[in-house]
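Chemist: Output the structure for:
(one chain, ligands or ions: 2)
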Amino acid sequence: MLAARYYGIGDVRVEEVPRPVCAPGEVLIKVAYAGICGSDLHIYRKGMFVTYIPVTMGHEFSGVVAEVGADVTGLSPGDAVVGDPRVSCGNCEWCRQGQGNRCPELGFIGEVSPGCFAEYLLMKPEYLLKIPQSMSLRKAALVEPLAVALHIAAIAKLTPGVSLGIVGAGPIGLLTILAARAAGISRVAVVDLSPGRRAFAEKLGADLVMESFPEDASSQVDVVIEAVGVENTLQGAVKWLKPGGRLIMAGLYEDKICFDPNDIVNKELDVKGVNAYGTGDLKKATDYIDGGIIDVTPVVSHILPLASAADAFTMLTASDKNAAKILFKMDYCKT
Ligand SMILES: [Zn+2]
Ligand SMILES: [Zn+2]
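Modeler: Ligands and ions are numbered 1, 2, ... in the order given. Next comes the predicted model:
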């Protein structure tokens, strides 16, 4: 089968690898669509998260069950599924409380085990969510990143009346616009350096889209979601907040930064980090997409064959970003 594998910084190769064999207690999934995540770019640019090479990348996917191993109940060949790609230890204090996203050992498929940038993928049945047959597999590939945005919206306590600023109009920033709307937020402002990304934010209905942070106090907001993870955007996010405001740190940092925290102290800001999501967020994301509460379609900028994986990574790491979410569509996928 075809797979896109990470060999080292800037080195992604699409090659033929053996199709995995379905053992007892496992499910073989024929992948339909797979999305490139910001964390895949951290791998590509900096080699973060991966524990071995070459590793088949990817953790966002939709697909159809091809085979179920002995002892698997509740899933049958032909079922449409999405996955919970988190790999946690299962034993720590947080895992035992169902908070696997706080597990100190947290990793993802595509980093610590083979991922979904491949025609077939093996997973344990407890990590698969059956999706309604009515749901398109293309939209279903966005369940996982939408779960991130829904988790952000919940941690940020987004309720009607809150004024919101989003830093970064990459896929997570864009999906957070949609999650904020679903939570009843009427006014969303977005900051992004890239004209291409700002155009996506406008298309998704942001009320105010800016190239740089507003300076005046009257433009300050109650909540800022920082979804980039570099020095200037974190500093700008803190300045953008009203006294007593809430900073949600959703971006991961590739480099050490120099940061003046005095505004956090002086404004008595509430600072929260967010990491991935809980199982309930994946279920909620499925319901929101299937129920038409959130339309994820405009977040997808390109649908490409898996064979062009190397080009897709080049496109997403270019300085001018004209791509948002890139999905790989497997060649046999008809819908
Ligand atoms: Zn992701
Ligand atoms: Zn754990």
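
Chemist: any idea how far the residue nearest to A324 when sequence neighbours are not counted lies from ligand 1?
Modeler: Excluding the flanking residues, the one nearest A324 by CB to CB, 6 or more residues apart in numbering is S301, at 4.2 Å. All C-beta atoms are positioned from the backbone trio N, CA, C, and that covers glycine. S301 is 16 Å from ligand 1, where distance means CB to the ion, to the nearest Å.

Chemist: S301 falls within a strand, correct?
Modeler: Yes - under DSSP: H, G, I helix; E, B strand; the rest coil, S301 falls within a strand.

Chemist: And for it, the neighbour number?
Modeler: Neighbour count of S301, defined by other CB atoms under 10 Å: 18.

Chemist: dump the residue contacts of it.
Modeler: 200, 322-326 (CB atoms under 8 Å, 6 or more residues apart in numbering).

Chemist: any chance you could map the helices in the stretch 51-200 of the chain?
Modeler: 93-96, 137-140, 143-155, 171-182, 195-203 (DSSP state H, counting those that start in this stretch).

Chemist: V221 is nearest to which of those helices?
Modeler: Closest to V221 of the helices of the stretch 51-200 of the chain is helix 171-182 (CB to CB; 11.6 Å).

Chemist: Not counting that closest one itself, show me its contacts.
Modeler: So helix 171-182 is in contact with 35, 37-38, 142, 145-146, 148-150, 152-153, 158, 164, 166-167, 188, 190, 192, 197, 200-201, 204-206, 225, 227-228, 250, 288, 293-296, 298-299, 324-325, going by CB under 8 Å, 6+ apart.

Chemist: that older thread, where does the residue nearest to A324 land on pLDDT?
Modeler: For S301, the pLDDT comes out at 95.

Chemist: thinking again about what came up before, what subset of the contacts of S301 is buried?
Modeler: For those, a burial check counting by 16 or more other CB atoms under 10 Å picks out 200, 323-326.

Chemist: related to what we said a few turns ago, now, of the contacts of helix 171-182, which are buried?
Modeler: In terms of neighbour count (16+ other CB under 10 Å), the buried residues within the contacts of helix 171-182 are 35, 37-38, 142, 145-146, 148-150, 152-153, 158, 164, 166-167, 188, 190, 192, 197, 200-201, 204, 206, 225, 227-228, 250, 288, 294, 296, 299, 324-325.

Chemist: Show me which residues of this protein are close to ligand 1?
Modeler: Neighbours of ligand 1 within the chain, by CB under 5 Å from the ion: 37, 60.

Chemist: In contact with S194, which residues?
Modeler: S194 neighbours (CB under 8 Å, 6+ apart): 169, 320-321.

Chemist: and of those, the nearest to F117?
Modeler: Among the contacts of S194, K321 lies closest to F117 (CB to CB), at 20.4 Å.

Chemist: Specify the local secondary structure of that closest one.
Modeler: On the basis of three-state DSSP, K321 is classed as coil.

Chemist: Burial check on it, number of neighbours?
Modeler: 20.

Chemist: What of K203?
Modeler: 15.

Chemist: and if you look at the one 4 residues further on?
Modeler: A count of neighbours around D207, defined by other CB under 10 Å, yields 14.

Chemist: Same question for the one 5 residues further on.
Modeler: Using other CB under 10 Å, S212 has 10 neighbouring residues.

Chemist: Also Y6?
Modeler: As a burial measure, Y6 scores 28 neighbours (other CB under 10 Å).

Chemist: switch to numbering from 530
Modeler: Understood, numbering begins at 530; the last thing we discussed is Y535.

Chemist: How is the chain partitioned into domains?
Modeler: 531-670+828-858, 675-802 (automatic domain parsing).

Chemist: Is any residue of the first one near ligand 2?
Modeler: If I follow you right, that is domain 531-670+828-858. Yes - Domain 531-670+828-858 lies within reach of ligand 2 by CB under 5 Å from the ion, at 617-618, 621, 624, 632.

Chemist: out of these, which one sits closest to T864?
Modeler: The shortest approach to T864 among the residues of domain 531-670+828-858 next to ligand 2 belongs to S617, at 32.2 Å (CB to CB).

Chemist: All set now, cheers.
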